[in-house]
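Visitor: Model the structure of this input:
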Amino acid sequence: MSIHEDEVGTDVALVERLLRGQHPELADAGVTLLGSGTDNTMYRLGRDLLIRLPRTAETVAALEKELRWLPHLSAHLDHTIPTPLHVGEPTAEFPLPWAIYRWIDGDLPSAASVTDWATYGKDLASFVAELHAIDVPSEESRDGLSWYRGGLLPPHDEWVRECLAEIAQLNTDVDTDVLARYWSEALQVPPPTAPHVWLHGDLRPSNVLVSAGRLRAVIDFGGLSVGFPDAEHAPTWDLPAVARDTYRAELALDEPTWLRARAWAIMVGASGVPYYWETYPDFADECLRRLQAIVDEGHR
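Guide: Got it, this is the predicted structure:
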């Protein structure tokens with residue numbers, strides 16, 4: 001199902017034709033559809049490779065960032081991140097660039113794959129600390145690395161409130177009044193003064209792989225950017241409270257930072273519900289669960 005306007009559709013047969021035309025040595029490895037995110041459609045190629053195809057021309061920039069910066073970041077990280085191996089050229093049939101990556105084994109973090117959520121929170125904090133410690137490029141070398149999630153909260157006030165109002169009209173169980181109050185409180189907090197850092201930008205559970213309950217790899221760097229670190233912590237509200245608490249303690253995040261991070265969690269969750277309500281209901285539900293976790297946390 002298409003979730004964006006001007007989406008370019010794909011299927012196994014198309015991917016096989018792309019491979020025969022550009023990488024014939026891989027054409028017989030076997031292609032299997034894995035699924036789609038909001039930006040890419042993924043196919044497994046044989047046992048050892050992954051193919052990612054952008055869903056729209058607008059999401060090509062995310063792929064290009066990965067191709068440029070992942071090899072650089074990988075050299076500075078102990079944790080595993082994706083390795084781009086081949087770049088596919090646009091064709092008349094698929095007019096966007098695409099890429100082949102090395103396959104990474106692992107499971108998504110869930111109740112079935114993680115038994116010790118405190119340890120998971122510690123592992124995730126370790127990755128964030130590593131990433132944020134890498135030297136950022138000079139301002140003149142940051143082309144494509146500026147993103148709203150590395151910025152400040154106030155410029156987004158109007159549309160966040162509009163999103164919360166839309167959610168209230170959808171008759172969900174989420175208390176949007178509480179969320180609006182938390183959002184307003186964060187706007188009164190002093191702005192961040194921390195240096196700009198590298199940001200993954202979307203550390204939700206579907207972008208992390210675990211093995212034997214421990215963090216194995218972080219994937220999907222389409223949101224890679226350089227900016228203030230507050231929004232990086234927002235996806236912890238997708239996790240059990242013990243993981244979130246451990247994560248915060250490991251990074252020694254102070255109260256103003258945590259309030260701003262919670263506001264970023266509200267912003268991203270609230271924007272996703274109305275946008276994906278009809279086209280991608282599973283993702284809209286994920287956003288609602290994040291918002292509900294924020295409300296529930298206030299009752300702890």
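Visitor: Could I get the contacting residues of the residue positioned nearest the centre of the chain?
Guide: Nearest to the geometric centre of the chain sits residue 202, at 2.5 Å (C-alpha atoms, centre = their mean). The contact partners of residue 202, by C-beta atoms under 8 Å, 6 or more residues apart in numbering, come to 220, 222, 223, 235. No exception for glycine: its C-beta is placed from N, CA and C like everyone else's.
Visitor: Around the second one, count how many other residues there are.
Guide: So that's residue 222. For residue 222, the count of nearby residues is 22 (other C-beta atoms under 10 Å).
Visitor: What's the separation between it and residue 147?
Guide: To residue 147, residue 222 is 10 Å away according to C-beta to C-beta, to the nearest Å.
Visitor: Give me the common contacts of these two.
Guide: In contact with both residue 222 and residue 147: residue 201, using C-beta under 8 Å, 6+ apart.
Visitor: Can you spell out which helices and strands pack onto the lengthiest helix in the chain?
Guide: Counting residues, the longest helix found in the chain (DSSP state H) is helix 255-276. Packing partners of helix 255-276 (3 or more C-beta pairs under 8 Å, 6 or more residues apart in numbering; DSSP states H and E): helix 157-169, helix 176-187, helix 281-297.
Visitor: and those helices as a markdown table, adding mean pLDDT?
Guide: Below are those laid out as a markdown table (pLDDT from 0 to 100):
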| stretch | mean pLDDT |
| --- | --- |
| helix 157-169 | 97 |
| helix 176-187 | 98 |
| helix 281-297 | 95 |
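Visitor: Of all the ones you listed, which one is nearest residue 50?
Guide: Across the helices and strands packed on helix 255-276, residue 50 has its closest neighbour in helix 281-297 (20.5 Å, C-beta to C-beta).
Visitor: Buried ones in that closest one, by neighbour count?
Guide: Within helix 281-297, the residues that count as buried by 16 or more other C-beta atoms under 10 Å are 283, 284, 286, 287, 288, 290, 291, 292, 293, 294, 295.
Visitor: so how far is it off the chain centroid?
Guide: Averaging C-alpha positions (C-alpha atoms, centre = their mean, to the nearest Å) puts helix 281-297 15 Å from its chain's average.
Visitor: tell me the contacts of residue 36?
Guide: 42, 55.
Visitor: How about the backbone phi and psi for it?
Guide: The phi/psi pair for residue 36 (degrees, to the nearest 10) reads phi -130, psi 140.
Visitor: now that we have the contacts of residue 202, which one has the most neighbours?
Guide: Comparing those by number of neighbours (other C-beta under 10 Å), residue 235 comes first, having 26 neighbours.
Visitor: How many neighbouring residues does residue 58 have?
Guide: Neighbour tally, residue 58, other C-beta under 10 Å: 13.
Visitor: So which of the contacts of residue 202 belong to helices?
Guide: Short answer: those have none in helices (DSSP H).
Visitor: which among the residues you listed gets closest to residue 166?
Guide: residue 235 (21.9 Å).
Visitor: is it true that the closest one touches residue 262?
Guide: No: using C-beta atoms under 8 Å, residue 235 makes no contact with residue 262, being 11.6 Å away.
Visitor: Enumerate every residue touching residue 97.
Guide: The contact partners of residue 97, by C-beta under 8 Å, 6+ apart, come to 54, 60, 63, 64, 87, 88, 89, 90.
Visitor: now those residues in a markdown table, with secondary structure, neighbour count and distance to residue 183?
Guide: Shown next, in a markdown table, are the contacts of residue 97 (DSSP: H, G, I helix; E, B strand; the rest coil; neighbours: other C-beta atoms under 10 Å; distance: C-beta to C-beta, whole Å):
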| residue | secondary structure | neighbour count | distance to residue 183 |
| --- | --- | --- | --- |
| 54 | strand | 24 | 32 |
| 60 | helix | 17 | 32 |
| 63 | helix | 23 | 32 |
| 64 | helix | 16 | 33 |
| 87 | strand | 13 | 41 |
| 88 | strand | 21 | 41 |
| 89 | coil | 11 | 44 |
| 90 | coil | 14 | 41 |
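Visitor: Which stretches in the stretch 101-250 of the chain count as helices?
Guide: 117-133, 157-169, 176-187, 241-251 (DSSP state H, counting those that start in this stretch).
Visitor: mind putting the ones you listed in TSV, mean neighbour count included?
Guide: Listed next are the helices of the stretch 101-250 of the chain as TSV, based on neighbours: other C-beta atoms under 10 Å:
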stretch	mean neighbour count
helix 117-133	20
helix 157-169	16
helix 176-187	17
helix 241-251	19
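Visitor: Dump those into CSV; add distance to residue 45 as well.
Guide: CSV is the format used below for those (distance: least, C-beta to C-beta, whole Å):
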stretch, distance to residue 45
helix 117-133, 26
helix 157-169, 38
helix 176-187, 42
helix 241-251, 33
